[in-house]
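K.L.:
got a structure for you, letters missing:
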């Protein structure tokens, strides 16, 4: 499901003339990176990321969601748009503290639906690049973000802030007994 959601993100990006690179997270997900033109403000970058996630969600709302609160996801894949502008994300080639010690590893889009996190472990990953750097080689050049993407994103509430307020509302209702 995470792979299919990643492909939705790619389609949403392509619909806006953008390209990204993809890697496994080393856990259950995939990470899509889109290099942006220098001078792009953090707030515009974060807004564009929210809009890409919303556009990907609209492509297949039965599969993907932008609902930040886990209970609101209904078994759908969460498109996390909160990683732009300074949030942490595991680096390519980084091992994860999980059974089998999987490694976050770059893949080609064409191969994404044929790989699993178990394909890239601390034991197998060192021999895979064959002297190359697939992460650097697969990374597109920095791109200008479309104005309509940024504008749409500025209309979408920041997920973490929205979730915090919703959590407070739910807690208040629970204290009142319903």
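P.N.:
In hand now; what should we look at? All figures in this text were calculated on a predicted structure; none of them were measured in a lab. Numbering: from 1, shown residues only.
K.L.:
From now on I want contacts and neighbour counts done on CA atoms only, so please keep to that.
P.N.:
Noted.
K.L.:
burial measure for the residue lying closest to residue 156 once chain neighbours are set aside, as a count.
P.N.:
Counting by CA to CA, 6 or more residues apart in numbering, residue 156 lies nearest to residue 50, which is 6.8 Å off, once chain neighbours are set aside. Other residues lying near residue 50 total 29 when counted by other CA atoms under 10 Å.
K.L.:
Going forward, count from 179.
P.N.:
Shifting the count to begin at 179 puts that one at residue 228.
K.L.:
Quick check, residue 228 in contact with residue 331.
P.N.:
Yes - using CA atoms under 8 Å, residue 228 makes contact with residue 331 at a distance of 5.3 Å.
K.L.:
So what does residue 321 look like in phi/psi?
P.N.:
Phi and psi for residue 321, reported as degrees, to the nearest 10, are phi -130, psi 150.
K.L.:
Give me the distance between it and residue 192.
P.N.:
Using CA to CA, to the nearest Å, residue 321 is found at 12 Å from residue 192.
K.L.:
Settle it for me: which of these two has more neighbours?
P.N.:
Higher neighbour count among residue 321 and residue 192: residue 321, with 16 against 12, using other CA under 10 Å.
K.L.:
was I right about that one contacting residue 214?
P.N.:
Yes - judged on CA under 8 Å, residue 321 makes contact with residue 214 at a distance of 4.6 Å.
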